[in-house]
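Q: Following is a predicted model, sequence given first.
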Amino acid sequence: MTQKPSTITLLRPDDWHIHLRDGAALSSTVADAAKTFGRAIIMPNLVPPVMNAAQALEYKSRIQAQIPANTAFEPLMVIYLTDNTTPEQIAAARQAGVVACKLYPAGATTNSDSGVTDLKKVYPALEAMQEHDMRFLMHGEVTDSDIDIFDREKAFIDRTLVNLEEQFPELKMVLEHITTKDAAEFVASASNHVAATITAHHLLFNRNHMLAGGIRPHYYCLPILKRNIHQEALIQAATSGSPKFFLGTDSAPHARDKKEAACGCAGAYTAFHGIELYAQAFDNADALDKLENFASVFGPDFYGLPRNNDTITLSRTDWQIPETLPLGDDILAPLLAGETIHWKRTA
Ligand SMILES: NC(=O)N[C@@H](CC(=O)O)C(=O)O
Ligand SMILES: [Zn+2]
Ligand SMILES: [Zn+2]
């Protein structure tokens, strides 16, 4: 057996799915992302959402104002699709440098109240995305109350995604934060216009981590953690070397008291230690040699953007994740708060 590496050097990774929020939160969320990632796809689910070119440019400048000195970080902006998004708005957003448009089925997740109520309503917008080479990003879950929460991603694939791929064969789409074997199989067998992001927490955990021996609200995110066969399928997909699967942390800050509550918010904060969490997951699968393509190559290739050309280095070193981190005037508990992980960014 070959000896396990004690350091790995990667082209600088990008994060293809992150929530930075707005206002006072930005000083730490932007700094945490920018210390590791060269670029990030900035999710538009603010309240109210980022819905057009002007709002995207304003939000971008609020983010840019918080980038620490001597740090090159490029926020890649996304607009939030609503029932009323027009083809003209898509064209104008593309013109303004917006790279993608995001579908939140209404009510599916945090801040999705303005989301799409019926996909048919946005077909003209999807045509425009296809025409203007804009990526179409999906929170892929149905919201029908009769569909069990653990089945919502599979139901989205069966009811919506299969049709969408047929109707819009040229549209480049990303099924975000996939959580099931069904999603991994669908994406792997779809055309090369269909890709997926995978979070570190869905690679590291399954629903037992959240629910066995006590309910642990910091593992609660959407789509919800599934049973271990799904976790195994996601690990397999992420480490398969397929260019259809790439890194998206879905780092989603919520104040600690909003998660440790009778009705807790969905989302895990991983921007602070995202690349280390992925390194741990890939190491657990004996697949560290697959990490660079997943983290730094397949994402820019799918988005038609150049790869970064500087590097980062991770070392096999134990360190403790902080118990809390700032979130504006509040605090949050990062994923695995207070726990030890075995990979650390050292350069
Ligand atoms: N993933 C989550 O559980 N939460 C995200 C929203 C999302 O990505 O669905 C958030 O904005 O908090
Ligand atoms: Zn989502
Ligand atoms: Zn998200």
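A: Now that the structure is in, tell me what you want to look at. Since the structure is predicted, the reported quantities are computational estimates derived from the model, not experimental observations. Numbering: from 1, shown residues only. Ligands and ions are numbered 1, 2, ... in the order given.
Q: quick one: residue 35 and residue 336, what's the gap?
A: Counting by C-beta to C-beta, to the nearest Å, the separation of residue 35 from residue 336 is 18 Å. No exception for glycine: its C-beta is placed from N, CA and C like everyone else's.
Q: low-confidence ranges in the stretch 201-347 of the chain?
A: Counting by pLDDT under 70, the stretch 201-347 of the chain contains no low-confidence residues.
Q: Which single residue of the stretch 201-347 of the chain ends up nearest ligand 2?
A: Distances between the stretch 201-347 of the chain and ligand 2 by C-beta to the ion are smallest at residue 222, namely 5.9 Å.
Q: close enough to count as contact, that residue and residue 108?
A: Yes - with contact defined as C-beta atoms under 8 Å, residue 222 and residue 108 form a contacting pair (7.2 Å).
Q: Between those two, which contacts overlap?
A: 139, 141 (C-beta atoms under 8 Å, 6 or more residues apart in numbering).
Q: can stretch 223-243 be found next to ligand 1?
A: No - shown here: stretch 223-243 not in contact with ligand 1 (C-beta under 6 Å from any ligand atom), separated by at least 7.5 Å.
Q: From start to finish, how long is that stretch in a straight line?
A: Distance between the two ends of stretch 223-243: 22 Å, counting by C-alpha to C-alpha, to the nearest Å.
Q: Also stretch 93-104?
A: Terminal residues of stretch 93-104 are spaced 18 Å apart (C-alpha to C-alpha).
Q: Spit out the contact partners of the residue of the stretch 201-347 of the chain closest to ligand 2.
A: Taking C-beta under 8 Å, 6+ apart as the definition, contacts of residue 222 comprise 108-110, 139, 141, 266-267.
Q: all strands of the stretch 151-300 of the chain, in order?
A: For the stretch 151-300 of the chain, the strands identified by DSSP state E, counting those that start in this stretch occupy 173-175, 194-198, 245-247, in order along the chain.
Q: Can you name every helix or strand that the second one contacts?
A: Where contact means 3 or more C-beta pairs under 8 Å, 6 or more residues apart in numbering; DSSP states H and E, strand 194-198 is packed against strand 173-175, helix 181-189, helix 228-238, strand 245-247.
Q: and that strand, does that touch ligand 1?
A: No - legend: contact between strand 194-198 and ligand 1 by C-beta under 6 Å from any ligand atom is lacking; minimum distance shown is 10.1 Å.
Q: can you list the residues that contact that strand?
A: With C-beta under 8 Å, 6+ apart, strand 194-198 has contacts from 16-17, 165, 172-178, 183-184, 186-187, 234, 237-238, 243-248, 250, 298, 302.
Q: That one and ligand 2, any residue contact?
A: No - with C-beta under 5 Å from the ion as the measure, strand 194-198 is seen stopping short of ligand 2, the closest distance being 9.9 Å.
Q: tell me the angle that strand makes with helix 181-189.
A: For strand 194-198 against helix 181-189, the angle by axes from the mean of the first three to the mean of the last three C-alpha atoms, to 10 degrees is 140 degrees.
Q: Kindly export strand 194-198 (C-alpha atoms) in PDB.
A: The C-alpha trace of strand 194-198 is given here as PDB (Å, rounded to 0.1, in the frame of the first residue of the first chain):
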ATOM      1  CA  VAL A 194     -26.100  18.600 -16.500                       C
ATOM      2  CA  ALA A 195     -23.800  18.800 -13.500                       C
ATOM      3  CA  ALA A 196     -24.100  18.800  -9.700                       C
ATOM      4  CA  THR A 197     -22.500  20.400  -6.700                       C
ATOM      5  CA  ILE A 198     -21.800  18.300  -3.600                       C
END
